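how would this look folded up:
(one chain, ligands or ions: 1)
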Amino acid sequence: HLGDARASQIPRYVRVNTLLWSMEEAVDYFVARGYMQSGPFDEESNKGFAKDEHITNLLLFNPKVSFQDDPCYQMGKIILQDKASCFPAAVLNPPATLDAAVIDATAAPGNKTSHLSALMQNKGKVVSSLPKLPICAKSAACIQLFAFEKDKRRFSTLEMMLGKAKCKNIKAVNADFLATDPQDPELSKVTHILLDPSCSGSGIVNRLDYLLEQGPYPSLRESFHSSPYTPPEQESESEQEARLHKLASFQLMMINHAMKFPNVKRIVYSTCSIHAVENEHVVSEALKSDEATAGNFKLAPANQVLPQWPRRGLPEEMGDLTLAKCVVRCMPGDDKTNGFFVSCFIRDSEKRLDDT
Ligand code: SAM
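Okay, the predicted model is just below:
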């Protein structure tokens with residue numbers, strides 16, 4: 001982990017939860033509370049804020065500002081989410097139509113899930129056959145977004161976070177994504193999958209300080225601390241290598257499983273790791289896999305993956321300059337975000353099966 005020195009360079013990011021109010025209403029609210037649209041690093045005061053240039057509905061405040069006690073945070077109207085962690089949902093760009101079907105395969109604590117729900121405008125369709133609807137039980141319109149989470153404790157956090165954000169189009173499922181059947185009649189319709197699996201977390205500079213500072217949710221705090229992927233205090237180089245390779249095999253397995261869904265056309269794979277082993281190497285392996293060949297998957301072109309974001313993948317790790325341009329990296333501190341990696345697989349509709 002990269003220590004907290006650079007955390008002071010990372011703005012306090014605030015994602016406006018558009019399920020509850022608009023960006024304009026949020027801006028008016030903060031202006032009324034004495035903030036000024038002058039940029040987060042305003043020399044004069046800590047009261048400057050700005051709209052983010054890459055992610056819609058994201059605001060930047062001074063890193064020293066805390067929103068834990070702000071009523072709109074308590075009400076779920078704002079979500080404290082690092083900028084880079086907003087990239088995956090933005091790149092997946094799920095449809096906001098009544099017949100959409102989307103999976104968040106590794107959902108807890110749920111920041112990306114609620115972001116997807118907001119992009120889908122909470123839209124859903126009436127589904128009567130599902131036995132258990134933990135999140136949207138009282139809503140007539142629901143189930144557009146399936147959110148899987150394997151860990152029981154983290155699953156309760158997920159439910160709490162989605163409830164707070166007033167997401168109504170989600171079915172949260174406490175289950176292993178790898179155990180799902182891609183041919184299941186409900187899931188086989190899925191067209192978009194977000195995969196943000198467990199990783200080494202080596203890109204995290206400020207270690208989720210928004211949530212850990214003085215957050216009112218002990219279960220959430222605990223669920224972050226109890227991650228089995230946190231490296232031990234003393235780890236030799238070979239132990240680290242073995243740990244990263246183990247994570248990489250799991251990550252590859254998750255991508256390959258996602259590729260088996262018959263109607264999926266867009267899969268976003270992301271990590272908060274800076275290690276190529278979990279990023280470029282996993283993506284290269286996934287492209288060579290039987291599942292990618294069978295499903296005609298390729299990387300989405302650079303112009304579909306945050307084209308305005310300058311830092312792309314590492315060509316020497318990807319083995320190909322054009323492919324490296326299709327994926328996105330964030331350098332902790334330098335990019336005013338945590339370290340992050342995002343890639344997007346799409347089906348190559350021009351490739352006929354007999355070409356392979
Ligand atoms: N996307 C989340 C967010 O932005 O709030 C963070 C996801 S975290 C990096 C990875 C999560 O995946 C963990 O909560 C972990 O318990 C869960 N997970 C790991 N393997 C899984 C599996 N096979 N099926 C479902 N969830 C899994």
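
what parts of the stretch 151-300 of the chain come near the ligand?
Residues of the stretch 151-300 of the chain lying close to the ligand (C-beta under 6 Å from any ligand atom) are 151, 154, 176-178, 196-198. C-betas here are computed from N, CA, C, even on glycine.

of those, which belong to helices?
Under the assignment DSSP state H, those contribute Arg154 to helices.

what sits against whichever residue of the stretch 51-200 of the chain sits closest to the ligand?
Closest residue of the stretch 51-200 of the chain to the ligand, C-beta to the nearest ligand atom: Thr106 (3.1 Å). Listed by C-beta atoms under 8 Å, 6 or more residues apart in numbering, the contact set of Thr106 reads 148-150, 177, 195-198, 254.

with neighbour count and pLDDT added, can I get those residues in JSON lines?
JSON lines is the format used below for the contacts of Thr106 (neighbours: other C-beta atoms under 10 Å; pLDDT from 0 to 100):
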{"residue": "Phe148", "neighbour count": "24", "pLDDT": "97"}
{"residue": "Glu149", "neighbour count": "26", "pLDDT": "97"}
{"residue": "Lys150", "neighbour count": "18", "pLDDT": "97"}
{"residue": "Phe177", "neighbour count": "22", "pLDDT": "98"}
{"residue": "Leu195", "neighbour count": "23", "pLDDT": "98"}
{"residue": "Asp196", "neighbour count": "22", "pLDDT": "97"}
{"residue": "Pro197", "neighbour count": "20", "pLDDT": "97"}
{"residue": "Ser198", "neighbour count": "17", "pLDDT": "95"}
{"residue": "Met254", "neighbour count": "23", "pLDDT": "98"}
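
can I get the residues you listed in CSV including distance to Ser236?
CSV is the format used below for the contacts of Thr106 (distance: C-beta to C-beta, whole Å):
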residue, distance to Ser236
Phe148, 34
Glu149, 32
Lys150, 29
Phe177, 32
Leu195, 30
Asp196, 28
Pro197, 25
Ser198, 22
Met254, 27
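
so Tyr13 sits against Ile79, correct?
No: using C-beta atoms under 8 Å, Tyr13 is not in contact with Ile79, being 9.2 Å away.

ok, which pair from the residues of the stretch 151-300 of the chain next to the ligand is furthest apart?
Taking C-beta to C-beta as the measure, those span a maximum distance of 16.1 Å, between Arg154 and Leu178.

and those two? Which one has more around it.
Legend: neighbour count by other C-beta atoms under 10 Å for Arg154 and Leu178, higher for Arg154 (23 against 14).

Three-state assignment for the closest residue to Cys86 other than its chain neighbours, please.
Leaving out its chain neighbours, the residue that sits closest to Cys86 by C-beta to C-beta, 6 or more residues apart in numbering is Ile55, at 4.6 Å. Following DSSP: H, G, I helix; E, B strand; the rest coil, we place Ile55 in the coil state.

what's the burial count for Ile55?
By other C-beta under 10 Å, the residues close to Ile55 number 22.

quick one: contacts for it?
Ile55 is in contact with 15, 83, 86-87, 90, counting by C-beta under 8 Å, 6+ apart.

what does the top helix by length along the chain contact?
In the chain, with assignment by DSSP H, the single longest helix is helix 237-258. Helix 237-258 is contacted from outside by 103, 105-106, 177-178, 180, 182, 193, 195, 197-200, 229, 231-232, 235, 264, 267, 269, 271, 275, 277-278, 281-282, 285-286, 289, 291-292, 345, using C-beta under 8 Å, 6+ apart.

now which of those residues would you call buried?
103, 105-106, 177, 180, 193, 195, 197-200, 264, 267, 269, 271, 275, 277-278, 281-282, 285-286, 289, 291-292, 345 (16 or more other C-beta atoms under 10 Å).

low-confidence regions, the stretch 251-356 of the chain specifically.
Counting by pLDDT under 70, the stretch 251-356 of the chain contains low-confidence residues at 350-356.
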